[in-house]
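**Q** take a look and give me a structure for this.
(2 chains)
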Amino acid sequence: MITLKKYLKEKIYQLLKHDYPVNHSLLEMAYTPDLKMGDLALTFPFHLAKELKKKPREIAQEIVPRLSNIQGVDRAEVAGPGYINLFLNKSQFLNSRLDSLKNTSLSCEEDKIIVEHTNINPNKAAHIGHLRNAVLGDTLVRCLKFKGEKVEIQNYIDDTGVQVVDVIFGFMEIKNKNLSDIKKITGKFDYYCWDLYSSVSSYLKEHPESTERKAEILKKLEKGESPEIDIAHYISRNILRAHLKTMERIDVTYDVLPCESTIIKLKFWEKAFELLKKKNVIVYITDGVNKGCWVMKLEDAPEKEKIIVRSDGTVTYVGKDIAYQLWKFGLLKKDFYYEPFTQTNGKPIWITTEATKNNVPRFGNGSLVYNVIDTRQSYLQNIVVQGLKSLKYDAQAEKSIHFSYEMVALSLKSLKELKIQISDEDKGKNFLEVSGRKGLGIKADDLLDRLEQKAFTEVKKRNSELTKDQKIDIAHKIACGALRYFILKFTRNSLIIFDFEEALSFEGETGPYLQYTLVRIQSIFRKLKEKKISFDISPNEISFKALSQSELNDFWEIIFYASQFEEEVLHSIRSLEFSNLAKFTFILCQKFNAYYHKYSILSEKNQDLRNIRIFTIHYIQEILKRALFLMGIPQPERM
RNA sequence: GCGCCCGUAGCUCAGCUGGAUAGAGCGUCUGACUACGAAUCAGAAGGUCGCAGGUUCGAAUCCUGUCGGGCGUACCA
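**A** Now for the predicted structure:
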C-alpha cells in the first residue's frame, strides 16, 4: 500500500505538473467512506479552486480523463462536490500485496535506536502502572524492529535511590532484621517489600525522630559502607529478578540493565559535570535561596532555575539523567562494563558493572533515543533535552524523544474490591492514582494470576480433551493477550481508570477476541488438511468471475482493509500511538468474523469460489499474525 | 499564577496532519448453534462532539476565549 500510494502519487504528479499547480503533498490520497465510491480519493481539486478560479467539481471533471491510463488504476470518477475517486485494478493489486508479505517495503532509517522502558524502582513489586510502561515500550520496540531498525532495549535500574533507602530503613528499624534475617524471608520477596515500603511512610509520620536514621542510611549508601550497602544490593537485585520474571510473563525482555550504582561508581556524573561547567550550561549561585547550588537556567522561563547540584554537593536525578542520556548517544567518552544477569528465552540480559570483563558486548551509541516515561516527568525530560542542546548537541537533542503517556488510576469500585481504605485527604476524589509509596495499586502478578485463572476456567469449559499443562499454557497466552490489548487500546494521553470487570473481559474489543479470530482461521486450514482439500492461493489463479457482485465487494473490502497494515504500523510509530494498531487489528478481526459467518469454505463445492475464499482467509491470517506479534499478543493454536 | 493533558452515546473509549452520512465495545432490547468453534454473528434503540466565537467550499478535528477535571511547576525520583 505504501509503495502503491507513492507510485500513484508520482504518476499523477507527472501527468499534471505542467498544467496544474500541484505538488506531492497536495496529491495525498485518502480512503473513501465507502468502497462503492472507489478505493482511493484525491481531494486536491478543492485546494486548487481558489487559485484557478473554478469550481472544484469542474477541475475534477477536467482532470479525470487524464487519469484513466495509469497502470494499476481501472478508472477514475468525479464524486460529490469535487473528489476524484480511483478504482484500483484488483489482480495487479493482489500481486503487489503478496509480494509485500515476502519482503516488507519498510526500511531502516537509523544506525541504532535505543528504547528505554520499564525503569521500576527495585524496592517493591511491579504494579499495573509499570505494566503500561512496559507494554508501550515493548510494542514500540517490536514495531521498530518490524520496520527494519536495529533496536537496543534498556531498563534503567535506580538501585541507590531514596526508595530503596525506605525499604532498608523498614528492615533495619521497623523489622529489626539484618542481612541474614532478610535472606531467610520466604515467599514473594517483592510482595513482602511492597507491604514494608508502604508502612514506612506512616511509621515515619508517627516517629519523626527516625528521619535522621533514614538520612544516615542514604549517606552510608553513597559512601558504600556496610552493612547498608550489602542490604541495598541484596534487596535491589532480588526485586529486579522478580520484576524481570513478571515481565517475562507478558513477553517483555531487555538487552541491558544500566544501574545507577554503576553510574555513580564509574563517575559518569563527574564527567558530565565537567562538560556542563566548561560550556557554562550550569552556573554556581552565590546568593539568594539557591545559594551554593549549581543550576541550569530554563530556556522558556529565564527567571527560573533548576537545581542540578545541591548545596551539599550531591547531584539531583536530572543531573544523573543528563549524564546517562549523554552516554546513550556515545557523547560521554566513558563506558560501562557488563556481565550477564539472567536470560529470557535463551537470550542473555546484561547488567552494568564497574570492573572489566572479557568478551562482553558493547551497548549505547544510539542515533535515536526513546525514553518511555509517564507524562508527569515531562518537565524533567525537557530539562534533560535542554541540557543536550546547551552543550551544543542539537542533533542529539532533536533525537531524544520522550514517549510520554498518562498514568493508571484506580476507580473507587476497584479500591473497594481490593479492600483498600481511602485516606481522609483522598476522600471526595473519583479515582486514585496508583502509588507504591501508599501501597495503592494492583500488583502486576496478582492481576496476571486472576487473568490466568479466569482463562483457565474458560479453556476447560471448551476443551475438556486437553491435558492440564496444555490448558495452563493456553490460559497463560490468553491472559497475556487480554492484558496487553487492554493497555494498548487506550491512547497514550488517556488516563486509564482501572476497572476489574473491563480488564478481565474476554468478549468484545479484547485480546482474546483477536486470538479467537486467528484460532478460527487456523482451524479452517487444519480441517482443509485433514480433508485433503487442495487449494491454490496465488492470485494469478484467482478467477473473479466466480464471485457474485456482492461477494466481490465483501472480498475486496476485507482484502483492501488488511492491506493497510504496514501503513498503520508506520503511522503508529510516527505518532507513538499504538492504539491505532490495536484498533486496526480489531476492525480487521470484526471484518473477518462477519465474512466467516457469511461465506463457508469447507462445504463450498465450487472450486474457484473455494479457492478465492481460501486466498482471502490466508491473507488475513498472514496480516493478523504479524499484527498480533507486534502487539506482543500470543497466538494459541486452540483456545 | 504559569505549562502540559483530558472533556464525543447510559458507561468505557476510538475518530483530531480539516473532507463525503460522527464509530466501536460494554450495557439494554430482538434474533441466529445436531458448529469451517456462539470467547461469534445479524439487527434495534441511544449523540446540540463541554460552551461561545473565528478561519474555510467544508470543523468533533485548526485558532481564540470560556467552564469543568487531571497532572506538573522540589536542594524527591
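
**Q** what mean pLDDT does the helix or strand hosting A:Ile373 have?
**A** Assessed by DSSP states H and E, A:Ile373 sits inside strand A:368-374. If you average the pLDDT over strand A:368-374, you get 97.

**Q** and the helix or strand just after that strand, what does it pack against?
**A** The first helix or strand that comes after strand A:368-374 along the chain, using DSSP H and E, is helix A:378-390. Using 3 or more Cβ pairs under 8 Å, 6 or more residues apart in numbering; DSSP states H and E, the elements in contact with helix A:378-390 are strand A:294-297, helix A:317-328, helix A:394-398, strand A:400-405. For glycine as for every other residue, the C-beta is placed from the backbone atoms N, C-alpha and C.

**Q** re earlier: what sits up against the strand holding A:Ile373?
**A** A:110, A:112-119, A:129, A:133, A:136-137, A:140, A:325, A:328-329, A:381, A:396, A:399-407 (Cβ atoms under 8 Å, 6 or more residues apart in numbering).

**Q** what angle sits between that strand and helix A:378-390?
**A** 160 degrees (axes from the mean of the first three to the mean of the last three Cα atoms, to 10 degrees).

**Q** got the angle for strand A:368-374 vs strand A:400-405?
**A** Using the same axes, to 10 degrees: strand A:368-374 against strand A:400-405 is 30 degrees.

**Q** what residues sit buried inside strand A:368-374?
**A** A:368-374 (16 or more other Cβ atoms under 10 Å).

**Q** and A:Asp608, how far from RNA strand B?
**A** Distance of A:Asp608 to RNA strand B, computed by Cβ to the nearest atom of the strand, to the nearest Å: 16 Å.

**Q** okay, the buried residues of strand A:368-374 in a markdown table with distance to A:Arg97 next?
**A** Shown next, in a markdown table, are the buried residues of strand A:368-374 (distance: Cβ to Cβ, whole Å):
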| residue | distance to A:Arg97 |
| --- | --- |
| A:Leu368 | 30 |
| A:Val369 | 34 |
| A:Tyr370 | 30 |
| A:Asn371 | 36 |
| A:Val372 | 33 |
| A:Ile373 | 38 |
| A:Asp374 | 39 |
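
**Q** I'd say A:Val434 and A:Glu406 touch.
**A** No - here A:Val434 does not reach A:Glu406: they are 11.6 Å apart, not a contact under Cβ atoms under 8 Å.

**Q** pick out whichever of those two has more residues nearby.
**A** Shown here are A:Val434 and A:Glu406; by other Cβ atoms under 10 Å, A:Val434 has more neighbours (20 against 16).

**Q** ok, the more buried one to RNA strand B distance?
**A** The value you get for A:Val434 to RNA strand B, if Cβ to the nearest atom of the strand is used, is 11 Å.

**Q** got a pLDDT number for the residue most central in space within chain A?
**A** Closest residue to the average C-alpha location of chain A: A:Leu136 at 2.2 Å, with Cα atoms, centre = their mean. For A:Leu136, the model assigns a pLDDT of 98.

**Q** close to RNA strand B, is the one helix or strand it maps to?
**A** For A:Leu136, the host element (DSSP H and E) is helix A:128-147. No - judged by Cβ under 7 Å from any atom of the strand, helix A:128-147 stays clear of RNA strand B, getting no closer than 12.3 Å.

**Q** got the buried residues for that helix?
**A** Using 16+ other Cβ under 10 Å as the test for burial, helix A:128-147 gives A:128-144, A:146-147.

**Q** which residues of the stretch 1-150 of chain A lie near RNA strand B?
**A** A:30, A:32-34, A:37-38, A:41, A:43, A:46-47, A:49-50, A:56, A:79-81, A:83, A:85, A:121.

**Q** quick check: bridge partners of A:Tyr31?
**A** A:Leu40 (DSSP bridges).

**Q** ok, it touching A:Ala41?
**A** Yes - between A:Tyr31 and A:Ala41 there is a contact under Cβ under 8 Å: 6.9 Å.

**Q** list the buried residues in stretch A:455-475.
**A** A:455-456, A:458-459, A:471, A:473-475.

**Q** stretch A:388-395 now?
**A** Residues of stretch A:388-395 classed as buried: A:388-391, A:393 (neighbour count, 16+ other Cβ under 10 Å).
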